[in-house]
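Student: I'll drop the sequence and a predicted model, then ask my questions.
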Amino acid sequence: ETGVTQSPTHLIKTRGQQVTLRCSSQSGHNTVSWYQQALGQGPQFIFQYYREEENGRGNFPPRFSGLQFPNYSSELNVNALELDDSALYLCASSLGFEGKGQYGYTFGSGTRLTVV
Amino acid sequence: EDQVTQSPEALRLQEGESSSLNCSYTVSGLRGLFWYRQDPGKGPEFLFTLYSAGEEKEKERLKATLTKKESFLHITAPKPEDSATYLCAVKKRVNSGGYQKVTFGIGTKLQVIP
């Protein structure tokens, strides 16, 4: 059973650019959630995808968008990058949007994005 | 507004010195409370889910308990490898589509000294 994998692990972008982060969910999981974690803070919910549709969104502007593919992998896209977007971006997968089951939501190791 | 407050923000223990971490929450319609462990530069690692007041779960040196307003993570005889940030999160159902919002606290950074 594979876990959640994210790519790339680290990324440096310039303010105003666009970035795409990728996530492969754990085998058997059909729901993916994305989180932003600033240094010293807890993860902040961005949005959740279930069966290729967004079914929940946190307090993030529209320049944060996502996709989920038929194989349940997912992308997070951020347009017009700002300095405050620098953070660890985490992907979490689960079986169903309730995150029930023995392991709840399974997180990947994240992508460290630095905006300069 | 949903709130999750963890205390203390940082805790330094001697190896073998037992203690407890606190997570107090304000959320309507709680559908579950999670505890995660996070090592530096890594994603959170699932520890426990608690669903109702009075529930307790144990794993090795860790024991999580839940009341209607707070949860405790008890660490018995900790070892240096228990050093990490411990995150608490609550979830609630938001809409008829089934989306369940998860709100994290900022965590307690635990350091266990040999």
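Tutor: Okay, I see it.
Student: can you list the residues of chain B near chain A?
Tutor: B:4, B:31-32, B:34, B:36, B:41-46, B:49, B:87, B:89, B:91, B:94-95, B:97-107 (Cβ under 8 Å from any Cβ of the partner chain). Just so you know, the C-beta spots here come from the backbone N, C-alpha and C atoms, and that holds for glycine as well.
Student: which among those residues end up buried?
Tutor: Buried residues within those, counting neighbours by 16 or more other Cβ atoms under 10 Å in any protein chain shown: B:4, B:31-32, B:34, B:36, B:42-44, B:46, B:49, B:87, B:89, B:91, B:99-107.
Student: which of the residues in stretch A:16-25 are buried?
Tutor: Here stretch A:16-25 shows A:19, A:21, A:22, A:23, A:24, A:25 as buried, counting by 16+ other Cβ under 10 Å.
Student: quick one: end-to-end distance for that stretch.
Tutor: 29 Å (Cα to Cα, to the nearest Å).
Student: that stretch vs chain B: in contact?
Tutor: No - between stretch A:16-25 and chain B, judged by Cβ under 8 Å from any Cβ, nothing touches; the nearest distance is 10.8 Å.
Student: how distant is that stretch from the center of its chain?
Tutor: 8 Å (Cα atoms, centre = their mean, to the nearest Å).
Student: which residues sit against that stretch?
Tutor: When contacts are defined by Cβ atoms under 8 Å, 6 or more residues apart in numbering or on different chains, stretch A:16-25 is touched by residues A:2, A:4-8, A:11, A:13, A:31-32, A:34, A:72-81, A:89, A:91, A:93, A:108, A:111, A:113.
Student: of those residues, which are in range of chain B?
Tutor: Restricting those to those near chain B by Cβ under 8 Å from any Cβ leaves A:4, A:108.
Student: show me what residue B:19 bridges to in the sheet.
Tutor: Following DSSP bridges, residue B:19 is listed with bridge partners residue B:75.
Student: so it sits right up against residue B:12, yeah?
Tutor: No - the criterion here is Cβ atoms under 8 Å, and residue B:19 misses it with residue B:12 at 9.9 Å.
Student: quick one: contacts of stretch B:71-78?
Tutor: B:13, B:15-23, B:25, B:33, B:35, B:47, B:50, B:61-65, B:82, B:86, B:88, B:110, B:112.
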